[in-house]
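*Asks:* Sharing a model that was predicted from the sequence below.
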Amino acid sequence: MFDSLSEKLNIAFKKLKGHGKLSEKNIKEGLREIKLALLEADVHYTVVKNLIADIKKRALGQEVLSSLTPGQQLIKIVNDELTELMGSCQSDLNLSGPKPVSVMLVGLQGSGKTTTAGKLAVFLRKQKKKPYLVPLDVYRPAAIDQLQTLGEQLSIPVFSASTKMNPVQICKDAQIAAQKEGCDILILDTAGRLHINEDLMEELCRIRDAVKPSDTLFIADAMTGQDAVNIAKSFDEILSIDGIILSKMDSDARGGAALSFNAITKKPIKFIGTGEKLNQLEPFHPDRMSSRILGMGDVLTVIEKAQSMVDGDKAAEFERKLRKNQFTLEDFRDQMIRIRKIGSFSDLISMIPGIGNNKQLKKLEIDEKELVKIEAIINSMTSLERRQHTIINGSRRKRIAKGSGTSIQDINRLLKNYAQAMKLVKKLNKGGMRRLGRGMLPF
């Protein structure tokens with residue numbers, strides 16, 4: 001999302017770094033380019049004006065002008081100010097109050113409320129919570145059906161609602177049902193409209209007054225830009241929202257909304273949707289987002305994603321097999337599946353420091369369909385073939401190729417790469433291989 005903004009900001013910084021010593025004149029020129037980059041990214045004009053004023057005040061101070069590395073010092077100031085602009089620190093979900101507590105999701109139709117409800121349920125389950133999904137859009141049968149489908153897919157209970165029921169009564173009945181199910185959090189998927197109207201707001205206010213949610217979250221579509229910020233402000237004036245979930249952050253939108261929400265609404269962004277998969281909802285960290293915008297990476301998020309997929313016992317077993325050269329194709333497949341669950345390789349690469357400024361690496365395209373092909377090939381093998389790849393002869397290769405919808409050349413390539421990787425592991429073992437990072441392969 002922030003690729004264009006990141007590129008333009010880095011061009012401005014490079015020009016400033018070209019000066020041995022920064023002066024008031026070249027700082028003003030640099031700030032003008034930063035201002036234009038932010039405006040082109042659809043950041044609210046008032047927000048840009050105040051941000052540039054704050055950066056200018058600090059940039060013309062002694063901390064920059066007397067610095068041995070003024071260009072780097074200015075980047076640090078911009079990083080600090082962007083972080084402050086987006087809320088300074090992470091804002092957690094409020095789950096205080098008698099159980100079951102309620103989290104109310106509000107927003108216009110098409111903003112992604114129902115999908116976000118499923119994503120939030122997945123996130124909360126990872127936190128050892130027991131979520132209960134509640135469909136409140138009684139005006140669209142498809143919305144109720146979608147949430148029911150998501151619940152079945154995720155094995156998360158969903159209240160059985162119908163279009164003939166009253167939303168407030170659904171909430172009250174759902175609280176009783178959730179207690180019986182042993183659930184501690186209700187996720188209320190409210191109705192939306194194509195635009196804000198009096199009927200919608202009155203209904204949302206009745207729901208809020210009836211269940212007194214611990215958190216009311218506005219779902220904002222990142223692709224709508226400044227409109228989303230203005231809509232969030234309108235919802236807040238009537239409902240008094242507690243925070244924002246920014247959906248579709250993986251889109252090619254300009255990203256200005258993310259930089260404007262906190263400054264305009266004074267409400268924090270609590271989560272961001274980073275993809276279509278139901279596990280792609282992340283807590284929003286202003287400092288990490290600022291670092292990513294400035295091309296400095298986001299190592300902490302990469303580490304957290306990896307840790308969320310790690311099973312301690314399996315990691316120890318992976319390491320033991322590697323040390324004893326007993327790592328089979330079956331283990332290779334399982335490890336590959338784990339790595340893919342962390343996220344797309346292009347997303348992970350973009351979070352590594354330095355990559356944001358490297359055009360060649362940013363343009364590197366990794367064909368993740370190849371990983372799907374490898375998984376299909378290994379799945380088409382017998383358990384014996386996965387454990388002992390050397391027995392895979394010509395006839396077996398033909399059978400595997402047919403079963404996986406691939407070619408014999410694909411089978412040969414996989415076996416060759418696997419054999420070479422195992423040779424590398426063997427050499428590392430002989431040379432005293434250091435402890436591998438919790439079961440992550442060196443290839």
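*Replies:* Structure's in. What do you need?
*Asks:* And the pLDDT for residue 142?
*Replies:* As predicted, residue 142 sits at a pLDDT of 90.
*Asks:* actually residue 368, not the one I wrote
*Replies:* Here, the pLDDT recorded for residue 368 equals 64.
*Asks:* Which neighbouring elements make contact with whichever helix in the chain runs longest?
*Replies:* In the chain, taking DSSP state H as the definition, the longest helix is helix 408-430. Judged by 3 or more C-beta pairs under 8 Å, 6 or more residues apart in numbering; DSSP states H and E, the packing partners of helix 408-430 are helix 312-323, helix 369-379, helix 394-404. Bear in mind the C-beta positions are built from the backbone N, C-alpha and C, glycine included.
*Asks:* how far does it sit from the chain's center?
*Replies:* With C-alpha atoms, centre = their mean, to the nearest Å as the basis, helix 408-430 stands 33 Å off its chain's centre.
*Asks:* in it, what counts as buried?
*Replies:* Neighbour-count burial for helix 408-430 flags 410, 411, 413, 414, 415, 418, 422, 425 (criterion: 16 or more other C-beta atoms under 10 Å).
*Asks:* Export those residues to JSON lines and append columns for distance to residue 289.
*Replies:* Below are the buried residues of helix 408-430 laid out as JSON lines (distance: C-beta to C-beta, whole Å):
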{"residue": "410", "distance to residue 289": "40"}
{"residue": "411", "distance to residue 289": "43"}
{"residue": "413", "distance to residue 289": "39"}
{"residue": "414", "distance to residue 289": "38"}
{"residue": "415", "distance to residue 289": "43"}
{"residue": "418", "distance to residue 289": "38"}
{"residue": "422", "distance to residue 289": "40"}
{"residue": "425", "distance to residue 289": "37"}
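*Asks:* can you redo the helices and strands packed on helix 408-430 as a markdown table with distance to residue 141 and mean neighbour count?
*Replies:* Output for those, formatted as a markdown table (distance: least, C-beta to C-beta, whole Å; neighbours: other C-beta atoms under 10 Å):
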| stretch | distance to residue 141 | mean neighbour count |
| --- | --- | --- |
| helix 312-323 | 43 | 15 |
| helix 369-379 | 35 | 16 |
| helix 394-404 | 40 | 15 |
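*Asks:* Kindly reformat the ones you listed as a markdown table containing distance to residue 239.
*Replies:* Formatted as a markdown table, these follow (distance: least, C-beta to C-beta, whole Å):
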| stretch | distance to residue 239 |
| --- | --- |
| helix 312-323 | 43 |
| helix 369-379 | 44 |
| helix 394-404 | 53 |
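*Asks:* what angle separates the longest helix of the chain from helix 394-404?
*Replies:* 110 degrees (axes from the mean of the first three to the mean of the last three C-alpha atoms, to 10 degrees).
*Asks:* Strands of the chain, residue ranges please.
*Replies:* Secondary structure of the chain (DSSP state E): strands at 101-106, 131-135, 185-189, 215-221, 243-247, 269-273, 281-283.
*Asks:* Just send these back as a markdown table, with mean neighbour count, mean pLDDT and distance to residue 82 too.
*Replies:* As requested, the strands of the chain are exported to a markdown table (neighbours: other C-beta atoms under 10 Å; pLDDT from 0 to 100; distance: least, C-beta to C-beta, whole Å):
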| stretch | mean neighbour count | mean pLDDT | distance to residue 82 |
| --- | --- | --- | --- |
| strand 101-106 | 24 | 96 | 27 |
| strand 131-135 | 28 | 96 | 33 |
| strand 185-189 | 26 | 96 | 31 |
| strand 215-221 | 26 | 93 | 19 |
| strand 243-247 | 26 | 91 | 16 |
| strand 269-273 | 24 | 92 | 13 |
| strand 281-283 | 19 | 91 | 18 |
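*Asks:* can I get the ones you listed in CSV with distance to residue 330?
*Replies:* Converted to CSV, the strands of the chain look like this (distance: least, C-beta to C-beta, whole Å):
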stretch, distance to residue 330
strand 101-106, 41
strand 131-135, 34
strand 185-189, 37
strand 215-221, 41
strand 243-247, 37
strand 269-273, 34
strand 281-283, 31
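*Asks:* wait, which of those strands is closest to residue 198?
*Replies:* Ranking these by proximity to residue 198 (C-beta to C-beta) places strand 101-106 first, at 15.0 Å.
*Asks:* How about residues contacting that closest one?
*Replies:* Residues outside strand 101-106 that contact it (C-beta atoms under 8 Å, 6 or more residues apart in numbering): 93, 95, 113, 116-117, 120, 171, 175, 184-190, 192, 204, 207-208, 211-219, 235, 239, 241, 245.
*Asks:* Any idea which of the helices and strands packed on helix 408-430 gets closest to residue 153?
*Replies:* Judging the helices and strands packed on helix 408-430 by C-beta to C-beta, what sits closest to residue 153 is helix 369-379, at 20.0 Å.
*Asks:* relative to helix 408-430, how tilted is the closest one?
*Replies:* Per the same axes, to 10 degrees, the angle that helix 369-379 makes with helix 408-430 is 90 degrees.
*Asks:* helices or strands next to helix 369-379 in the packing?
*Replies:* Using 3+ C-beta pairs under 8 Å, 6+ apart: helix 369-379 touches helix 329-342, helix 394-404, helix 408-430.
*Asks:* before we move on, the earlier item: out of the helices and strands packed on helix 408-430, flag the one nearest residue 266.
*Replies:* Counting by C-beta to C-beta, residue 266 lies closest to helix 312-323 out of those; the figure is 41.7 Å.
*Asks:* Let me know the average pLDDT across the closest one.
*Replies:* Helix 312-323 shows a mean pLDDT of 65.
*Asks:* give me the number of residues near residue 173?
*Replies:* Other residues near residue 173 come to 16 when the count uses other C-beta atoms under 10 Å.
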